[in-house]
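In: show me how the following folds:
(chains A and B, ligands or ions: 1)
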Amino acid sequence: MSPKRERLMVPEAEFSSYYGRPILKAPVWKVPDVPAYLYLGGLAGVSASLAALADATGRPELRRTGRVAAAAGATASVGFLVHDLGRPERFLHMLRVLKPTSPLSVGSWILAPFGALAGAAAASEVTGIAAGPGRLAGAAAGLLGPALTTYTAVLIADTAVPGWHEAHRELPFVFAGSAMAAGGGVGLLARDGGPARRVAVAGAALELAASAVVERRDRLSARAYRTGRAGAALRVARAATAAGGLAAAAGALTRGRSRALLDGAAALLLNAGSVATRYGVFEAGMATARDPAYTVVPQRARLNARDEGQPATRTGPTSASRSSARSRTES
Amino acid sequence: MGRLSGPLADPSGDAGYADRPERVGFFTDTSVCIGCKACEVACKEWNALPAEDDVLTGMSYDNTGQLGASTYRHVAFVERTVDLGMPGLAGDGGDATEVRWLMSSDVCKHCTHAACLDVCPTGSLIRTEHGTVLVQEDICNGCGYCIPACPYGVIDQRPGDGRAFKCTMCQDRLGVGLQPACATACPTESIRFGPLDELRAEADERLAALHDRGVDDARLYGHDAGDGVGGAGAFFLLLDEPEVYGLPPDPVVTTRDLPSMWRHAAAAALAVAGAVAAAFVGRTSR
Ligand code: SF4
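Out: Below you'll find the model as predicted:
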């Protein structure tokens, strides 16, 4: 007999499910904990790299700004991570083993030394004590920084959540751009922060481009990035990041007070954009975990294609349920 | 760490056990399930699992709803009205229709390549000597990573406790030579427990017998070592498409793509490093 076809969420949706129940368990990760953890890690990583090179090239203000932002970002990032645990008192179990198959384990082993090094560099900066060791710690944190900006993309992509897993090639670039925009934006606040301007503008461009790719990919889960709460957050992100990038670029053409104003606005906008991007990516994944269409429809199409030796695109339910996913997430 | 996907004959050997018993598993033959929920009750009792919120789901006789942190066996009920194709059989003008039940007792699949285990950062989730997948609750710190990693939506966090829980295949019973509680309680032998190789052979025979009797809808789910999770340690004989029972039609262990994920993350990290370094080259505006 023919399989049970349920009409779910919207009339066009045609795929089978068990009373419309999700297949996956949605992450228990909380807002703002996890989006904040993602954002702050990126901010801290780029800030540390900027500080290290500022130190090497004699830019004391950028060094100071970067070191402080790196330490504050890493500390707050760890704080959010610990707060999100079901058993926060056991957070040190994260460092019980080093497991290459677990991005959270690898990430913890990046974040922990980074936090210690960035903290040491910032402490030396603020107190003026032990400048030599502070310099070494800052350089080491700067080397770890780029890894800190992208491991979080692997962390969320290495799940069964369709919106994250299927975007595993693009998300590291979204996060890299978002981190550069945020870290570069904060660096703009230093009067000798010329290099930060370039990083901020390049980051904004990368964040916009990579997000656009994720939103436009020809796969069902891309819908989740354009609709509902995630879509709204990502539209805010796009506007803020574009405006921030433009303000940062325009700042280079002006002097004095107007430059300071533009740079301040750019820093604010770029960081708001980065936060909104992380939140939007987080929510997009959550939406695809809650709706069985995102799990069943592509898997069914893949199975049918395999059974028939045909390309997956010729199956009916795919296009039908695309609108399902869209309408549902807008509700 | 062994391989991340594909067929793997001996998961406990791969995990490093030198001396190990045979890999065991469940074969759940839903064609003989009568929906008595003895497995659910036995599981709750043996494992002393707390009650979950009582809700009337409206989903046939299923008020359990789904597997969860305190529900390691879940019996799904699908009520289906079937037209017998004999209108007016009794001469009373009524519809000659009948309810056809689909009932299936779901459980953790104890995947050959278990995403929950792969992503667990603390080492709380382990492969046991029996080839099953087990949470060590004294290690779990409630990070919740295993929950969205599972392609079947099995493992979950227990509210108020914070840690993740799922089927243990009654590790404590296996240790003393007993069968898991659910398989012991099942009155129709819908749930069979034993060495996985034997169960697979039994399932092939059962499927052939059903097909001979004209039950064309019968199919095996999770028995194939070449599937996306390297074959499930708990597999099923179903009478309809897996998604009808709330099972994913073609699950894949997420870590299969982990090497690609790290490659892309490394490329992106290098791009960050390059961009930051390049920003310091040459004259800047100040
Ligand atoms: S079914 Fe889910 S919880 Fe069970 S072993 Fe597989 S991945 Fe882990």
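
In: residue B:194 in helix, strand or coil?
Out: Three-state call for residue B:194 (DSSP: H, G, I helix; E, B strand; the rest coil): strand.

In: hang on, isn't it packed against residue B:24?
Out: Yes. Assessed by C-beta atoms under 8 Å, residue B:194 is found in contact with residue B:24 at 6.4 Å. Quick note: C-beta positions are derived from backbone N, CA and C, even for glycine.

In: so those two - more neighbours on which side?
Out: residue B:24 (23 against 15; other C-beta atoms under 10 Å in any protein chain shown).

In: you'd agree the more buried one is up against residue B:170?
Out: No. Using C-beta under 8 Å, residue B:24 is not in contact with residue B:170, being 10.4 Å away.

In: so where's the stretch 151-286 of chain B shaky on pLDDT?
Out: B:283-286 (pLDDT under 70).

In: which parts of it are strands?
Out: Under the criterion DSSP state E, counting those that start in this stretch, the stretch 151-286 of chain B contains strands at B:156-157, B:164-165, B:191-195, B:219-221, B:234-238.

In: likewise for the stretch 1-150 of chain B?
Out: Here the stretch 1-150 of chain B has its strands, by DSSP E, counting those that start in this stretch, at B:24-29, B:74-83, B:97-106, B:125-127, B:133-135.

In: related to what we said a few turns ago, okay if I get the strands of the stretch 151-286 of chain B as CSV plus distance to residue A:259?
Out: Listed next are these as CSV, based on distance: least, C-beta to C-beta, whole Å:
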stretch, distance to residue A:259
strand B:156-157, 50
strand B:164-165, 52
strand B:191-195, 72
strand B:219-221, 65
strand B:234-238, 65
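
In: want to try TSV for these, with distance to chain A as columns?
Out: Converted to TSV, the strands of the stretch 151-286 of chain B look like this (distance: least, C-beta to the nearest C-beta, whole Å):
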stretch	distance to chain A
strand B:156-157	5
strand B:164-165	8
strand B:191-195	19
strand B:219-221	11
strand B:234-238	11
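
In: of the strands of the stretch 1-150 of chain B, flag the one that's most buried.
Out: Most buried of these by mean neighbour count (mean count of other C-beta atoms under 10 Å in any protein chain shown) is strand B:24-29; its value is a mean of 27.

In: so which of the strands of the stretch 1-150 of chain B gets nearest the ligand?
Out: For the strands of the stretch 1-150 of chain B, proximity to the ligand was assessed by C-beta to the nearest ligand atom; strand B:133-135 is nearest, at 3.9 Å.

In: packing partners of the closest one?
Out: If you count contacts as 3 or more C-beta pairs under 8 Å, 6 or more residues apart in numbering or on different chains; DSSP states H and E, strand B:133-135 packs onto strand B:125-127.

In: direction included, what does the strand it packs on pair against?
Out: strand B:133-135 (antiparallel) (DSSP bridges).

In: which stretch among the strands of the stretch 151-286 of chain B comes nearest residue B:184?
Out: Comparing the strands of the stretch 151-286 of chain B by their distance to residue B:184 (C-beta to C-beta), the top pick is strand B:191-195, with 8.1 Å.

In: nearest residue to residue A:143 in space, please, no chain neighbours.
Out: residue A:52 (7.4 Å; C-beta to C-beta, 6 or more residues apart in numbering or on different chains).

In: the helix ranked longest in chain B vs chain A: in contact?
Out: Secondary structure of chain B read by DSSP state H shows that its longest helix is helix B:258-279. Yes. Counting by C-beta under 8 Å from any C-beta of the partner chain, chain A is contacted by helix B:258-279 at B:258, B:260-262, B:264-273, B:275-279.

In: which of these are buried?
Out: B:258, B:261-262, B:264-266, B:268-269, B:271-273, B:275-276, B:279 (16 or more other C-beta atoms under 10 Å in any protein chain shown).

In: closest to residue A:134 among the residues you listed?
Out: For those, the nearest to residue A:134 is residue B:276 (19.7 Å; C-beta to C-beta).

In: nearest residue to the closest one other than its sequence neighbours?
Out: Nearest non-adjacent residue to residue B:276, counting by C-beta to C-beta, 6+ apart: residue A:49, 4.6 Å away.

In: same question for the host helix or strand of the one you found, mean pLDDT?
Out: If you go by DSSP states H and E, residue A:49 is part of helix A:33-56. The average pLDDT for helix A:33-56 rounds to 98.

In: list the buried residues of that helix.
Out: For helix A:33-56, by 16+ other C-beta under 10 Å, it's A:33-55.

In: what do residue B:194 and residue B:24 both touch?
Out: Residues touching both residue B:194 and residue B:24 by C-beta atoms under 8 Å, 6 or more residues apart in numbering or on different chains: none at all.

In: kindly state the pLDDT recorded for the nearest residue to residue B:133 once chain neighbours are set aside?
Out: Nearest residue to residue B:133 in three dimensions, chain neighbours excluded: residue B:114, at 4.6 Å (C-beta to C-beta, 6+ apart). Turning to residue B:114, the model gives it a pLDDT of 98.

In: residues near residue B:114, how many?
Out: By other C-beta under 10 Å, the residues close to residue B:114 number 30.

In: what sits against it?
Out: Residue B:114 neighbours (C-beta under 8 Å, 6+ apart): B:125, B:127, B:133, B:229, B:253.

In: list the contacts of the longest helix of chain B.
Out: In contact with helix B:258-279 (C-beta under 8 Å, 6+ apart) are residues A:45-46, A:49-50, A:53, A:101, A:103, A:145-147, A:149-151, A:153-154, A:157-158, A:168-170, A:172-173, A:175-176, A:179-180, A:195-199, A:202-203, A:206, B:4, B:118.

In: can you show me the CA trace of that helix as PDB?
Out: In PDB, the C-alpha atoms belonging to helix B:258-279 read as follows (Å, rounded to 0.1, in the frame of the first residue of the first chain):
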ATOM      1  CA  LEU B 258      34.200  16.000  10.100                       C
ATOM      2  CA  PRO B 259      37.400  15.900   8.000                       C
ATOM      3  CA  SER B 260      35.800  18.100   5.500                       C
ATOM      4  CA  MET B 261      34.500  20.500   8.200                       C
ATOM      5  CA  TRP B 262      38.000  20.800   9.700                       C
ATOM      6  CA  ARG B 263      39.500  21.400   6.300                       C
ATOM      7  CA  HIS B 264      37.100  24.300   5.600                       C
ATOM      8  CA  ALA B 265      37.600  25.700   9.100                       C
ATOM      9  CA  ALA B 266      41.400  25.600   8.700                       C
ATOM     10  CA  ALA B 267      41.100  27.300   5.300                       C
ATOM     11  CA  ALA B 268      38.900  30.000   6.900                       C
ATOM     12  CA  ALA B 269      41.300  30.400   9.900                       C
ATOM     13  CA  LEU B 270      44.200  30.800   7.500                       C
ATOM     14  CA  ALA B 271      42.200  33.500   5.600                       C
ATOM     15  CA  VAL B 272      41.800  35.300   8.900                       C
ATOM     16  CA  ALA B 273      45.500  35.000   9.700                       C
ATOM     17  CA  GLY B 274      46.400  36.200   6.200                       C
ATOM     18  CA  ALA B 275      44.000  39.100   6.200                       C
ATOM     19  CA  VAL B 276      45.100  40.300   9.600                       C
ATOM     20  CA  ALA B 277      48.800  40.000   8.600                       C
ATOM     21  CA  ALA B 278      48.200  41.800   5.300                       C
ATOM     22  CA  ALA B 279      46.500  44.600   7.100                       C
END
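
In: measure how it sits relative to helix A:33-56, angle-wise.
Out: Relative orientation of helix B:258-279 and helix A:33-56, computed by axes from the mean of the first three to the mean of the last three C-alpha atoms, to 10 degrees: 40 degrees.
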